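Asks: I'll drop the sequence and a predicted model, then ask my questions.
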Amino acid sequence: MAAKKGEAERTEQALAEQWRDMLALHARTQCELDRALHQHGLCGSDFEVLDVLAESVPADGTCSYRVQEIAERVHLSQSALSRLIARLEKDGLVERGLCAEDRRGVRVALTGKGRALHGDVLPVQRAVLTRMLARPDAGVS
């Protein structure tokens, strides 16, 4: 009985350590992304929004996404995402408009400037991901 309890505790501890390792990898990767993207005037969250907007056309065939659709993909609170989108709009990278199908909803689309910046920065972001995820323990001191 004691052996089973000890094994269960070790399994639980290993699970907790695995979770902490994932969190640490995320934090290190986010810091590297922010550092690499800063020279382009972006942070990691800014790029994630641009990337979502650039990567595909939504199911309804438009070239824009509802704010709620973006929020589901970038894992930011609604208020944080709204502030981020406002900043990207002020910088001329995205534009907002009312949803034709629901006047209370807001759609967000890349501008030409936003699409160009995304294209320029995409290789930088992907290089950081490649480096950090190929060696998950990179940057651990």
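Replies: Cool, got the structure.
Asks: tell me which helix or strand of this protein sits lowest on mean pLDDT?
Replies: strand 65-66 (a mean of 86; mean pLDDT, DSSP states H and E).
Asks: tally of neighbours for Arg135?
Replies: 10 (other C-beta atoms under 10 Å). To be clear about C-beta, it is placed using only N, CA and C from the backbone, and glycine gets the same treatment.
Asks: pLDDT on the longest helix belonging to the chain, on average?
Replies: Longest helix in the chain, counting residues (DSSP state H): helix 2-38. Averaged across helix 2-38, the pLDDT comes to 91.
Asks: packing partners for that helix?
Replies: helix 44-55, helix 112-134 (3 or more C-beta pairs under 8 Å, 6 or more residues apart in numbering; DSSP states H and E).
Asks: can you point out the buried residues in that helix?
Replies: For helix 2-38, the neighbour count (16 or more other C-beta atoms under 10 Å) marks Leu25, Arg28, Thr29, Glu32, Leu33, Asp34, Ala36, Leu37 as buried.
Asks: between which two of these is the distance greatest?
Replies: For the buried residues of helix 2-38, the maximum inter-member distance is 18.1 Å, found between Leu25 and Leu37 (C-beta to C-beta).
Asks: what's the closest non-adjacent residue to the one residue sitting closest to the centre of the chain?
Replies: The residue lying closest to the centre of the chain (C-alpha atoms, centre = their mean) is Glu48, at 3.9 Å. Of all residues beyond its chain neighbours, the one nearest Glu48 is Val74 (4.6 Å), with distances taken as C-beta to C-beta, 6 or more residues apart in numbering.
Asks: show the contacting residues for that neighbour.
Replies: Shown in contact with Val74 (C-beta atoms under 8 Å, 6 or more residues apart in numbering): Ser45, Glu48, Val49, Val52, Leu81.
Asks: can you tell me which of these has the most neighbours?
Replies: Busiest of those [other C-beta under 10 Å] is Val49, holding 27 neighbours.
Asks: contacts only, for that residue.
Replies: Ile70, Val74, Leu81, Leu84, Ile85, Leu88, Val94, Val108.
Asks: could you do Tyr65 as well?
Replies: Tyr65 neighbours (C-beta under 8 Å, 6+ apart): Val52, Leu53, Pro58, Arg107, Val108, Ala109.
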